[in-house]
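1. Sharing a model that was predicted from the sequence below.
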Amino acid sequence: MAPHKPSSPLQALVLAAPALALLLFFFLVPALLLGRVSLYEGGGQSGFGIGGSFYKPGTWSLHAYRDLLTDGYFRSILAFTLKFCVAEALVTVAIAYPMAFLISRMPGKWKLAAVAVVTLPKLANVLVVIYGLKLLMGTTGMVNQFLQAFGLSAAPVDLLHNLTGTMVAETYLILPYAVLILIVTLDRIDPSLAQAARGLGAGPWRTFWRVTFPLSMPGVALVFFLSLIFAFGAFVSPHLMGSPEELTIAVDVQKQTFENLNWPRGAAEAVIMLATLIVIALVWQALTLASKRARRET
Amino acid sequence: MAFMELRDVVCRYGRHVVLNEVSLAVEAGAFCCLLGPSGCGKTTLLRLVGGYIQPEFGTISLDGQNVTGWPPEKRGIGMVFQNYALFPHLSARENVGFGLEARGVPAAERRRRVEEMLDRIRLAPGERGRKPRELSGGQQQRVALARALVIEPKLLLLDEPLANLDRHLRERMRDELRELQRRTGVTTILVTHDQEEALSLATQIAVMLNGRILQVGAPRELYERPRIPAIARLLGDANVLRVAEARDGSLFLECGLTLGSDGLACPPGAEILFRPERVLVGPAASAHPHQARGILNGLSFMGADQIFDIGLAQGGSLKVRAAPDVLPSARIGDEVSVAVDAANAWVIPEPDPDWVATSPEEEAHGAA
């Protein structure tokens, strides 16, 4: 542990000031502005742009929120977004875990190379990555050629502009973080524990489920919640790889704001998104605290 | 064939030879200590026996079966790791029960055997539900031992099990370990770099240096009759002195000391060992026919005994362990008499081979 120096609250405040100022300026202020916009009446003649019917200035109204809550359209978007992000989190954990497990067991040189390959997509622009995927997954793309060449499918399979495409793209965007977190988690487990289990008569399978996996749970939980949060705010992958069926809130915010020019509604949706994310973060916090307390008590 | 036998085992990490044609036989019920400095390959040897690494050449047999290449879970060997490797997410009880669970022992019998074993290592019932990190170092060590013993292993492997304990606890655990091994009768191999631990626990010591086993024998035999000087030094403080001349029934050592050579066949150039506690000093030496004079260069009083560092005329120095009442008023710089009985000296049969004298960095490079 690092040596602990007692500091006064004032000292702490001074030290944290730059970070706090940044947070205040770039998060809290815009969030408050967003909140204000969501409380205007829609359909005004102010603002800028062609036609300029963003909101009625000087009004206070819960119109936008009432509309959202009574609107089946929005509820279906919210439901899809929630289902989508939970599915995304599960898929990400399911794919990232075996990858991380294999990589963490590679010898040094190979491991470095594997980590580089995993992080490579993050060095490229998101759009480049997505358009790359489009090339791969199109009806004449490599994936379909492969499927047909091996007789796995007679006709080209539709992989784009549907749920499959959206999920693949979103997973592709989240996966590097997930794999890296899990590699670190698995690497930090003392290798002598698995050896001890083997020595006591447990085969590789039992050793994994009784020792390695339980000890990696904190990392798995972190990856799950991180993926949940990423996927909840998914915009690029449903926008470019999905169809109107795969409409997440983030996509609809953009649509309401820039296509329908209904700023209060777009803002209200964004506020609801933010609130949901805060709830997810609080649940995560509560779970972490509870598991810490449980560890201390037992 | 011995109960556990290694034959011509070779093990390499890259180009570094960790084990160089090692052979070792351990009889059933024996307590064998692998003694050597860090990096000599002793832990690698232990892991090889446990099945955690596989040899490049050579065979390992256990209880009449050739187990070379078998995975650890097939060997039925209990191992206590240096850091204990207790499962942090399981209680002491669950840790001990792990091996029985893996063997498919029914729950009722499992519970009985676990509690029995925990009684044996004297872990209080209130502490059995605790996680490893809530136990003291000594308790963790005992739980690790219980976990290895409860599966009734053919062989018990201990990797420096006492190294992480403070001195007081280490001595107590040493006694407990000896007692437990004696009562269970389990064949045991212990790795250590502490000669006191090896001498006090083992029925058989195998001395290792630079990936080879140099000598195997009973503790007393190794202590008194080492094959090469390096072994003498590894097993405790040693005065290793070179013979200059053998003449007129006396041996003249290079350091200036003289011994009656009766019974010591010894060519010039050979090396002679005598342990510090065998050197006479003060009045006892003055009465000796072959006494020599030396200057007291160092003196440390340890309570039960005292260590003198005595410089001799020709430049050599002697380490002497004496009873606390010998020369009670001696001061550094005093002239004292020293003498050695030829009966207490051991002519070392072989000089150190070249490969013994590698640099410590190179030694440390191997598996610790």
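-> Received it, and whenever you're ready, just let me know what you need.
2. quick one: residue A:166 from residue A:130, how far?
-> To residue A:130, residue A:166 is 11 Å away according to C-beta to C-beta, to the nearest Å. C-beta coordinates here come from the backbone N, C-alpha and C atoms, glycine included.
3. and those two? which has more neighbours close in?
-> Comparing residue A:166 with residue A:130 by neighbour count (other C-beta atoms under 10 Å in any protein chain shown), the higher total belongs to residue A:166, at 25 against 19.
4. Let me see the contact set for the residue lying closest to the more buried one once chain neighbours are set aside.
-> Nearest non-adjacent residue to residue A:166, counting by C-beta to C-beta, 6 or more residues apart in numbering or on different chains: residue A:242, 4.0 Å away. Residues in contact with residue A:242 (C-beta atoms under 8 Å, 6 or more residues apart in numbering or on different chains) are A:161, A:162, A:163, A:165, A:166.
5. Reformat those residues as CSV; add secondary structure.
-> Formatted as CSV, the contacts of residue A:242 follow (DSSP: H, G, I helix; E, B strand; the rest coil):
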residue, secondary structure
A:161, coil
A:162, coil
A:163, helix
A:165, helix
A:166, helix
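6. Widest-spaced pair of these?
-> Farthest pair in the contacts of residue A:242 (C-beta to C-beta) is A:161 and A:163. Separation: 9.7 Å.
7. for residue B:334, what are its contacts?
-> Going by C-beta under 8 Å, 6+ apart, residue B:334 touches B:295, B:296, B:327.
8. Are there residues contacting both of residue A:166 and residue A:130? Which ones?
-> The contact lists of residue A:166 and residue A:130 share A:237, A:241, where a contact means C-beta under 8 Å, 6+ apart.
9. Chain B: helices as residue ranges?
-> For chain B, helices defined by DSSP state H occupy the ranges B:42-50, B:72-75, B:92-102, B:107-120, B:137-149, B:167-184, B:195-201, B:219-224, B:229-234, B:283-286, B:360-365.
10. For these, give me a markdown table that also has distance to chain A.
-> Formatted as a markdown table, those follow (distance: least, C-beta to the nearest C-beta, whole Å):
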| stretch | distance to chain A |
| --- | --- |
| helix B:42-50 | 6 |
| helix B:72-75 | 4 |
| helix B:92-102 | 4 |
| helix B:107-120 | 13 |
| helix B:137-149 | 7 |
| helix B:167-184 | 17 |
| helix B:195-201 | 21 |
| helix B:219-224 | 28 |
| helix B:229-234 | 27 |
| helix B:283-286 | 52 |
| helix B:360-365 | 16 |
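11. For residue A:34, find the nearest of those helices.
-> Across the helices of chain B, residue A:34 has its closest neighbour in helix B:92-102 (51.1 Å, C-beta to C-beta).
12. quick one, what contacts the most centrally placed residue in chain B?
-> Most central in chain B under C-alpha atoms, centre = their mean is residue B:198, positioned 3.2 Å from the mean C-alpha point. Contacts for residue B:198 (C-beta under 8 Å, 6+ apart) come out as B:33, B:35, B:190, B:192, B:205, B:219, B:235.
13. And the furthest pair within those?
-> With C-beta to C-beta as the measure, no two of those lie farther apart than B:190 and B:235, at 15.4 Å.
14. Pick out whichever of the two has more residues nearby.
-> Applying other C-beta under 10 Å to residue B:190 and residue B:235 shows that residue B:190 carries more neighbours, namely 26 against 22.
15. what are the bridge partners for that one, then?
-> residue B:33, residue B:158 (DSSP bridges).
16. In space, what's closest to the residue in the stretch 101-250 of chain A positioned nearest to chain B - neighbours in sequence excluded?
-> Nearest residue of the stretch 101-250 of chain A to chain B, counting by C-beta to the nearest C-beta: residue A:200, 3.5 Å away. Among residues not flanking residue A:200 along the chain, residue B:99 sits closest, at 3.5 Å (C-beta to C-beta, 6+ apart).
17. Likewise for residue B:326?
-> Using C-beta to C-beta, 6+ apart, the closest residue to residue B:326 is residue B:282 (5.0 Å).
18. For burial, what's the neighbour tally of that neighbour?
-> Residue B:282 is flanked by 18 other residues according to other C-beta under 10 Å.
19. With the one 5 residues further on instead?
-> Other residues near residue B:287 number 10, with proximity taken as other C-beta under 10 Å.
20. and the gap between it and residue A:213?
-> Residue B:287 is 75 Å from residue A:213, by C-beta to C-beta.
21. what about residue B:109, neighbour count?
-> 10.
22. Closest to chain A out of the contacts of residue B:334?
-> Each of those was checked against chain A using C-beta to the nearest C-beta; the closest is residue B:296, at 45.4 Å.
23. Skipping adjacent residues, who's closest to that closest one in space?
-> Computed as C-beta to C-beta, 6+ apart, the closest residue to residue B:296 that is not its neighbour in sequence is residue B:334, at 4.8 Å.
24. Can I get the contacts of residue B:334 in a markdown table including pLDDT, neighbour count and distance to residue B:276?
-> Shown next, in a markdown table, are the contacts of residue B:334 (pLDDT from 0 to 100; neighbours: other C-beta atoms under 10 Å in any protein chain shown; distance: C-beta to C-beta, whole Å):
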| residue | pLDDT | neighbour count | distance to residue B:276 |
| --- | --- | --- | --- |
| B:295 | 90 | 15 | 17 |
| B:296 | 92 | 19 | 14 |
| B:327 | 88 | 18 | 15 |
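25. Cross those against strands and list the overlap.
-> With strands defined by DSSP state E, the entries of the contacts of residue B:334 inside them are B:295, B:296.
26. so what's residue B:46 up against?
-> B:34, B:79, B:157, B:159, B:189, B:191.
27. And it, how close does it get to residue B:157?
-> Counting by C-beta to C-beta - residue B:46 and residue B:157 are separated by 5 Å.
28. all helices for chain A, in order.
-> Under DSSP H, chain A gives helices at A:9-23, A:29-38, A:63-70, A:72-104, A:108-119, A:126-137, A:142-149, A:163-187, A:191-199, A:204-207, A:213-232, A:236-241, A:249-254, A:263-297.
29. Would you reformat these as JSON lines and include mean pLDDT and distance to residue B:254?
-> Conversion of the helices of chain A to JSON lines gives the following (pLDDT from 0 to 100; distance: least, C-beta to C-beta, whole Å):
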{"stretch": "helix A:9-23", "mean pLDDT": "89", "distance to residue B:254": "68"}
{"stretch": "helix A:29-38", "mean pLDDT": "91", "distance to residue B:254": "87"}
{"stretch": "helix A:63-70", "mean pLDDT": "87", "distance to residue B:254": "100"}
{"stretch": "helix A:72-104", "mean pLDDT": "95", "distance to residue B:254": "58"}
{"stretch": "helix A:108-119", "mean pLDDT": "93", "distance to residue B:254": "51"}
{"stretch": "helix A:126-137", "mean pLDDT": "91", "distance to residue B:254": "78"}
{"stretch": "helix A:142-149", "mean pLDDT": "89", "distance to residue B:254": "82"}
{"stretch": "helix A:163-187", "mean pLDDT": "94", "distance to residue B:254": "56"}
{"stretch": "helix A:191-199", "mean pLDDT": "95", "distance to residue B:254": "49"}
{"stretch": "helix A:204-207", "mean pLDDT": "95", "distance to residue B:254": "59"}
{"stretch": "helix A:213-232", "mean pLDDT": "94", "distance to residue B:254": "60"}
{"stretch": "helix A:236-241", "mean pLDDT": "91", "distance to residue B:254": "84"}
{"stretch": "helix A:249-254", "mean pLDDT": "92", "distance to residue B:254": "88"}
{"stretch": "helix A:263-297", "mean pLDDT": "88", "distance to residue B:254": "65"}
